[in-house]
Structure formats: structure tokens, C-alpha cells
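Peer 1: build me a structure from this.
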Amino acid sequence: MAKTSKKSIAILLICMLVAALGLTGCGSNDNGGDAEMVKIGIMQFGEFEALQNANQGFQDGLAELGYKEGENVTFNYLSAAADTANCPTIADTLINDGSDLILAIATPSASAIKEKTSDIPVLFTAVTDPAGSGLVADNAAPGGNLTGTSDMNPVAQQIALGKQLIPDAKKVAIMYCSSESNSKIQSDLAEAAIKEAGMEAVVKTVSAIDEAKSAVESLKGKVDFIYIPTDNTLADGMTTVAAAANECGLPTIVGESGMVNSGALATYGIDYYELGKATAAMAVKILKGEATPAEMPVEYQTDEAVLQIAINTQTAEALGIEIPEDILSKATILPAE
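Peer 2: Reported below is the predicted structural model:
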């Protein structure tokens, strides 16, 4: 019995030595060893087009920079279904899952994660004013474990587009969800731009998407068009909002092209897919140890080449609006055929 035991131990030690040598051999190849698998958690606030595009841009951007799903990175994707109440639970899940980095898509997602961790690097995207929303100390110098990309829109240019499409407009409604701080920031900018253009602003807020239809109907005959910023609540229910507005004969100028694709008239806005790719480039710097969120300024999409006019020609036709050729020739036509 003792002799057999010694023999078994000897065999076991030899196997362990062979295994160790094998691992060492693998680690000495030209690629510097098998890549360590990185785990990235993703919380996306809602499933609407802008946020989907940001997420896809992020994952595609990582792949282009060498982080490919299944090879050296895994994603744990969770959606809050456009319900803020779901965000804290999802944040806990991603943190407890051992994420090496977390991507928070939209302000409610980022706010929930900020409350839960000060250690894990967190990148956000589709956030209008990170400092104004309390996510970072300063957009130029975040100072904590969060940084990312902003979707601040060219609000004044969006209002100008509305004036070009509805040249006789005198009153403009600004509509957004009262619980969204980023929408309030854009509303203030829009109000200033409307007044600068010689028009009158009428602010209309809702607290939930089921109030949107009646809110739009209450504006019929009182305003000439409606401006809706990149509001998560209204973007998520844009099909309903646009249908109500079109039924009332009210053109809608909105914050991004996904909302135009859902029935709004027009926008001049950023490209959320490219915003996601820019966020991926920041992620790679963090994962490679080249930078930390604290020292990485919030990035913005300001390149004129990326900003785009989008026109829903079906909506324009239904409203009897003729789009000037100089605008139409530069626009992305939606819905895409």
C-alpha cells in the first residue's frame, strides 16, 4: 500500500512538472503568451436606436483595436429597459461579476454605477453634460473612476434647421421628460436659441412616456413646431410621440437621427456609432494601463464631418412641408429604404 502510494505521488509530481513546462513553453511564444481574457460589463439604459448604435460602435471599435469578443474579451450586456428603477440592480450585477471595465450607456446607467463603485474603471457614453449631472468633478479633469464621451448636441443649429424648414414659425415648444437632467440642459440651450432667432419658446414637460401623447395634443394650434432633445424617455417612445405630432400637424425637430427614423421630421446631430467607437479608443488606453479615467478628459463629437442632417421625407410629405434642395442634397434620407 505504501509503495503504491509513493509511486502515485511520483507520477503526480512528474505530471505537474510536465504541465508547468508546457505552460512555460506556451508563454514563450512570439505573441508573448495567450492573451488574458478581459471582462467588460455593459449597462444600456434603453433599446432605442441611438443607444444601440453607441453600443455597437463601442464593440466594433474594440474589435478594430484588437479586443475581439470570444478571443480576448467577453461582454456582459444588460439593459435597463428604459426604467431607472432597474439601474441599481444591474450595477450591482456588473460589479459583482468581476468586470475589469464597465461601459454605462446614458446618464441613468452612469449615475447608478457611480453610486456603487469607486474602484472599477467606468466609461460612459451618450451623456450630455457629465459634470452637470454629477458624474465627474470637471469635464476636462474628471478626477475619479469615471470618464467617457458626451453626446452634447449642436442645439442652436437644430433650432436654426427648424426655422429653415418652417420659415413662418413664431412659437416653438420644447418638450422633454422632467426627470432627465441632461434634457433640462438642452432645453435651456434651446430656449436661448429660439429667442435669439426671434421666436417664442413654450416649455412642455412630461414625467413619463404615457403622458406624451396628451402633451403633444395640448400644443395643437398653439405652436408651429416642437423641439425634442436627446431625451431618453421620449426617444424610447418616439414612434408614439411622432405619430401624435404628425396627426396634429406639428413638425418635430429632434436631437438625433434615430428619432427621425421613428417618425420625427428632422435633425442635425451627432453619429452615435462613431461616439461609441471613440469610447472604445478610451477603453483600450485604460485596459493597456496607458491612462486612468481620472486623467482622461470627457470627449466630444465636434467634427463637422461626423455631424449630419437627417430628414424623414415621409413625415415631410404627410405634413405638406417642402424640403429646400440645398438641405435635402446634404441630408441622410430616412426611413432608409
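Peer 1: any idea which element the most centrally placed residue in the chain lies in?
Peer 2: The residue lying closest to the centre of the chain (Cα atoms, centre = their mean) is residue 126, at 3.1 Å. In this structure, residue 126 is located in strand 122-127 according to DSSP states H and E.
Peer 1: do residue 226 as well
Peer 2: Mapping residue 226 onto the secondary structure by DSSP H and E places it in strand 225-228.
Peer 1: which strands or helices does the helix or strand that comes right after that strand pack on?
Peer 2: Note on strand 225-228: by DSSP H and E, the next helix or strand toward the C-terminus is helix 232-236. Based on contacts counted as 3 or more Cβ pairs under 8 Å, 6 or more residues apart in numbering; DSSP states H and E, the elements that helix 232-236 packs against are helix 49-64, strand 171-177, helix 257-261. Glycine gets a C-beta too; all of them are placed from N, C-alpha and C.
Peer 1: sorry, back to before: and the strand holding residue 126, how far from the chain's centre?
Peer 2: When distances are taken as Cα atoms, centre = their mean, to the nearest Å, strand 122-127 is centred 7 Å away from the chain's centroid.
Peer 1: cool, and stretch 132-151?
Peer 2: Between the mean C-alpha location of stretch 132-151 and the chain-wide mean there is a distance of 15 Å, by Cα atoms, centre = their mean.
Peer 1: for that stretch, measure first residue to last.
Peer 2: 13 Å (Cα to Cα, to the nearest Å).
Peer 1: buried residues, that stretch. List them.
Peer 2: Along stretch 132-151, these residues count as buried under the neighbour rule (16 or more other Cβ atoms under 10 Å): 133, 135-136, 139, 142, 145-151.
Peer 1: now intersect the residues you listed with the helices, please.
Peer 2: Applying DSSP state H to the buried residues of stretch 132-151, no entry is found in helices.
Peer 1: now do the closest residue to residue 175 other than its chain neighbours: how many residues are near it, please.
Peer 2: The shortest distance from residue 175 to any residue that is not its chain neighbour, by Cβ to Cβ, 6 or more residues apart in numbering, is 4.7 Å, and that residue is residue 204. Residue 204 is surrounded by 19 other residues when neighbours are defined as other Cβ atoms under 10 Å.
Peer 1: residue 204: what secondary structure?
Peer 2: strand (DSSP: H, G, I helix; E, B strand; the rest coil).
Peer 1: what of residue 253?
Peer 2: strand.
Peer 1: measure it to residue 164 for me?
Peer 2: Here residue 253 is placed at a distance of 10 Å from residue 164 (Cβ to Cβ, to the nearest Å).
Peer 1: state the distance from residue 248 to residue 171.
Peer 2: Computed with Cβ to Cβ, the distance linking residue 248 and residue 171 is 14 Å.
Peer 1: which pLDDT value belongs to the residue nearest to the centre of the chain?
Peer 2: Here the pLDDT value assigned to residue 126 is 97.
Peer 1: repeat for residue 144
Peer 2: Looking at residue 144, its pLDDT reads 97.
Peer 1: so how far is residue 284 from residue 218?
Peer 2: Looking at residue 218 against residue 284, where the rule is Cβ to Cβ, the gap reads 48 Å.
Peer 1: pLDDT weak spots in the stretch 51-200 of the chain?
Peer 2: When the per-residue scores of the stretch 51-200 of the chain are filtered using pLDDT under 70, no range remains.
Peer 1: where along it do the strands fall?
Peer 2: Counting by DSSP state E, counting those that start in this stretch, one finds strands in the stretch 51-200 of the chain at the ranges 73-79, 101-105, 122-127, 146-150, 171-177, 200-206.
Peer 1: other SSEs contacting the second one?
Peer 2: So that's strand 101-105. For strand 101-105, the elements it packs on are strand 38-44, helix 49-64, helix 107-114, strand 122-127, helix 272-287, judged by 3+ Cβ pairs under 8 Å, 6+ apart.
Peer 1: nearest to residue 260, out of these?
Peer 2: For the helices and strands packed on strand 101-105, proximity to residue 260 was assessed by Cβ to Cβ; helix 49-64 is nearest, at 9.6 Å.
Peer 1: now the closest one: buried residues?
Peer 2: Residues of helix 49-64 classed as buried by neighbour count (16+ other Cβ under 10 Å): 49-55, 57-59, 61-62.
Peer 1: which of those residues sits closest to residue 191?
Peer 2: Proximity to residue 191 was ranked across the buried residues of helix 49-64 by Cβ to Cβ; first place goes to residue 50, at 22.7 Å.
Peer 1: re the thing from before, JSON lines for the helices and strands packed on strand 101-105, including distance to residue 333?
Peer 2: Compiled in JSON lines, the helices and strands packed on strand 101-105 are given as follows (distance: least, Cβ to Cβ, whole Å):
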{"stretch": "strand 38-44", "distance to residue 333": "27"}
{"stretch": "helix 49-64", "distance to residue 333": "16"}
{"stretch": "helix 107-114", "distance to residue 333": "30"}
{"stretch": "strand 122-127", "distance to residue 333": "24"}
{"stretch": "helix 272-287", "distance to residue 333": "18"}
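Peer 1: looking at those, spot the one closest to residue 159.
Peer 2: Set against residue 159 and scored by Cβ to Cβ, those come closest in helix 49-64, at 19.4 Å.
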